[in-house]
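J.: have a look at this fold, sequence not included:
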């Protein structure tokens, strides 16, 4: 259809007011000047863009208060009460059901427009559909985990499940897939479509293929059922692992149990000869037992492994049904790594480089602690003891890393690098879910609102989420209007009392890490929400967070904000150096454990089902200096990565290596350089997923990177900061 042509719609019935409203929307989407209806019970009707009828329909169907894409317009501070995130629907638990109802109604209107309007911009309309679903799903996902009121959590979870099911239904809709496929093959798209539209079209098509949209009806229905089962199994396993651990221990394995714990230890009803220990009640004693070689078993282990194996079977079946050999192959097809073989090559190379460095540390660690061997379970206690020995004054560091000081440091850093301001402002009544949640506005250099951060940093009863980032609303453009980002950062820091909350260096590191994610979502400037911020492959999404950790290790940055919470004195350089050295030296063993979990992640999501525990022991023996038998529960239960980071857990190590290269080339000379900050902002943060991750990094650095260079960079960092330096590392 020519850009100036009229749009013709043939209706078999009398044209209704609803159809007129839809017609107005279609006219707005197209560049046509007129839109005609023809029906067997009506005469020709003309709706021109300048007519009164068009204006009335536009007011009815166009931007309005309850439309999700206008939520950003409600962010201005006012005194009148509102709902969560300034969403007037969310003033009570029932508000989530209202959100779900509106989401469903508006989504089906968009589906109809995509299906029947042949002048429709299919990529733009599908992105609008995705945005509508995500505005509801992301808010409910956040609140089902963070809201202190059980009624809100329950209502949010029900809403989340409904929207997730609706999303999978649309992904499996043959009509939408057919329209997108035809649109991507059209001359108009291939000749006139810009790079962003083509990138989004490719990403959307991947989603449809993953949902089996090109399969016969029965097979497509099975794929959708599998994806629904995967979601339910993931939530069930996640909920199980959030329950506090309980360790089972045989009474006869330790002679001093009664002396250590008292005579009234609770026994396991299923095993009267054993006792149950809760980490929250017996943490020091449990640590002592592990150090002395007593084996503990988490009572959740049998249920968790059963649920995990069910999840793995479902994922493999899903991948095979849509044409892939493995779930890992399906998941990694658009990542920076690109394939399981590239991930395996990177992990094996990194492991070979780290192994001799770690091996050289073991005699020193055992001599310092007096232990006979180093295990996965004793390692955290050993590293803590050695760090305290080498840095006896590190207990003083928290005095300089109060939460207010760290937030001021982040504000200073973002001002210098990106020329934006972070401003804490009072929340409106009803806007936040707990009194300690703070609203932070991100402002441009001209004072205009870029977006809103909500900081939920402190522990409270019933809050199980630790460090996390939620993109509640993505930055994108809806027509000519910007949709402002809304981001939540959460943690489990001790709540402030008479003095501000003081953070250890490692806790401050976690805060900087999560704020890296937050600013990735906040500073995105993409047209499409499907390409916005962290909606990109994980081996790019983890880059901003790991890079932020390096700023905290640089004294030129830290000296500007880390001040004693009472005296105001800056942190001494030698104290900062000692805590950084202790943290980075310990990170060597964390990286070895992450190699184990990453290799395990790849194998369990490979072309066949493997027993998780047996694989864990074999991989641990090959890639670490730890003894091969865990003394306590499986590390599988201490890491939930197999749920949310399936086949992508390697991304942490990958982006740590990548951040090492980027730091050296862009920020090492001047960590506060506005020039380097702007380049990084333009090429990575603002760009989101508008280009392939490999292309984005090559654009930033001006050259390509190999996995060998990545592995070498991270190994060099580990050798430089190890307890026992290696001259040949």
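T.: Good, I have the coordinates. Computed from a predicted model, the values in this text were never measured in an experiment.
J.: list the buried residues of the helix or strand where residue 317 lies.
T.: Per DSSP states H and E, residue 317 falls inside helix 301-321. Buried residues in helix 301-321, counted by 16 or more other CB atoms under 10 Å: 301, 304-305, 307-308, 311-312, 314-316, 318-319. In this view, the C-beta of every residue, glycine as well, is placed from N, C-alpha and C.
J.: swap in stretch 180-187?
T.: 180-181, 183-184.
J.: low-confidence ranges in the stretch 251-400 of the chain?
T.: Counting by pLDDT under 70, the stretch 251-400 of the chain contains low-confidence ranges at 251-275, 277-295.
J.: which other residues reach stretch 139-152?
T.: With CB atoms under 8 Å, 6 or more residues apart in numbering as the contact definition, stretch 139-152 has outside contacts at 84-85, 87, 90, 93, 96, 99, 153, 156-157, 159-160, 163, 433-434, 456, 460-465, 468, 470, 472-473, 488, 490.
J.: got it, and stretch 620-628?
T.: For stretch 620-628, the surrounding residues in contact (CB under 8 Å, 6+ apart) are 351, 355, 358-359, 361-362, 373-376, 379, 592-593, 595-596, 599, 617, 630.
J.: just the buried residues out of those, in ChimeraX syntax.
T.: In ChimeraX, a selection of the buried entries from the contacts of stretch 620-628 looks like this (16+ other CB under 10 Å):
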select :351,355,358,361,362,374,375,376,379,592,593,595,596,599,630
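J.: among the contacts of stretch 620-628, which are located in helices?
T.: 351, 355, 358-359, 361-362, 379, 592-593, 595-596, 599, 617 (DSSP state H).
J.: and the gap between residue 687 and residue 702?
T.: 15 Å (CB to CB, to the nearest Å).
J.: okay, these two: which has more neighbours?
T.: Using other CB atoms under 10 Å as the criterion, residue 687 and residue 702 rank with residue 687 on top: 23 against 9.
J.: what about the residue nearest to the more buried one when sequence neighbours are not counted, how many residues close to it?
T.: Nearest non-adjacent residue to residue 687, counting by CB to CB, 6 or more residues apart in numbering: residue 696, 5.9 Å away. By the criterion of other CB under 10 Å, residue 696 has 20 neighbours.
J.: likewise residue 564?
T.: Neighbour count of residue 564, defined by other CB under 10 Å: 15.
J.: residue contacts, it?
T.: Residue 564 touches 399-400, 570-571, counting by CB under 8 Å, 6+ apart.
J.: hmm, try it at 7 Å
T.: Counting by CB atoms under 7 Å, 6 or more residues apart in numbering, residue 564 touches 399-400.
J.: distance check, it against residue 402.
T.: 9 Å.
J.: and what of residue 694?
T.: 40 Å.
J.: next one: residue 556
T.: On the measure of CB to CB, residue 556 and residue 402 end up 20 Å apart.
J.: more neighbours: which of these two?
T.: Remark: of residue 556 and residue 402, residue 402 carries more neighbours, 22 against 10, as counted by other CB under 10 Å.
J.: next SSE downstream of the helix or strand of the chain with the lowest mean pLDDT?
T.: When each helix and strand of the chain is scored by mean pLDDT, DSSP states H and E, helix 52-61 comes last, with a mean of 26. The helix or strand immediately downstream of helix 52-61 is helix 95-116, counting by DSSP H and E.
J.: what comes up buried for that following helix?
T.: Quick answer for helix 95-116 (16+ other CB under 10 Å): 95-96, 98-100, 102-104, 106-107, 109-111, 113-115.
J.: go on, stretch 433-440?
T.: For stretch 433-440, by 16+ other CB under 10 Å, it's 433, 437-440.
J.: quick one, longest strand in the protein?
T.: When the chain is parsed with DSSP state E, its longest strand is strand 449-458.
J.: so what does whichever helix or strand comes after it touch, helix or strand wise?
T.: Note on strand 449-458: by DSSP H and E, the next helix or strand toward the C-terminus is strand 468-473. Under the contact definition 3 or more CB pairs under 7 Å, 6 or more residues apart in numbering; DSSP states H and E, strand 468-473 sits against helix 122-146, strand 486-493, helix 505-522.
J.: tell me the strands beside the longest strand of the chain, with direction?
T.: Take DSSP bridges as the rule and strand 449-458 pairs in its sheet with strand 438-443 (antiparallel), strand 486-493 (parallel).
J.: of these, which is nearest residue 543?
T.: For residue 543, the closest of the strands paired with strand 449-458 is strand 486-493, at 17.0 Å, according to CB to CB.
J.: related to what we said a few turns ago, let's have the strands paired with strand 449-458 in JSON lines, adding mean pLDDT and distance to residue 683.
T.: What follows is these, written out as JSON lines (pLDDT from 0 to 100; distance: least, CB to CB, whole Å):
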{"stretch": "strand 438-443", "mean pLDDT": "97", "distance to residue 683": "20"}
{"stretch": "strand 486-493", "mean pLDDT": "97", "distance to residue 683": "21"}
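J.: picking that back up, and the buried residues of helix 301-321 as JSON lines, adding distance to residue 648?
T.: Below are the buried residues of helix 301-321 laid out as JSON lines (distance: CB to CB, whole Å):
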{"residue": "301", "distance to residue 648": "24"}
{"residue": "304", "distance to residue 648": "20"}
{"residue": "305", "distance to residue 648": "21"}
{"residue": "307", "distance to residue 648": "20"}
{"residue": "308", "distance to residue 648": "16"}
{"residue": "311", "distance to residue 648": "15"}
{"residue": "312", "distance to residue 648": "15"}
{"residue": "314", "distance to residue 648": "17"}
{"residue": "315", "distance to residue 648": "12"}
{"residue": "316", "distance to residue 648": "16"}
{"residue": "318", "distance to residue 648": "16"}
{"residue": "319", "distance to residue 648": "14"}
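J.: out of the residues you listed, who's nearest residue 406?
T.: Taking these together and measuring to residue 406 by CB to CB, the closest member is residue 304, at 34.5 Å.
J.: hmm, the closest one is touching residue 241, no?
T.: Yes. With contact defined as CB atoms under 7 Å, residue 304 counts as touching residue 241 (6.4 Å).
J.: so which bits of stretch 467-487 are buried?
T.: For stretch 467-487, the neighbour count (16+ other CB under 10 Å) marks 467-478, 482-487 as buried.
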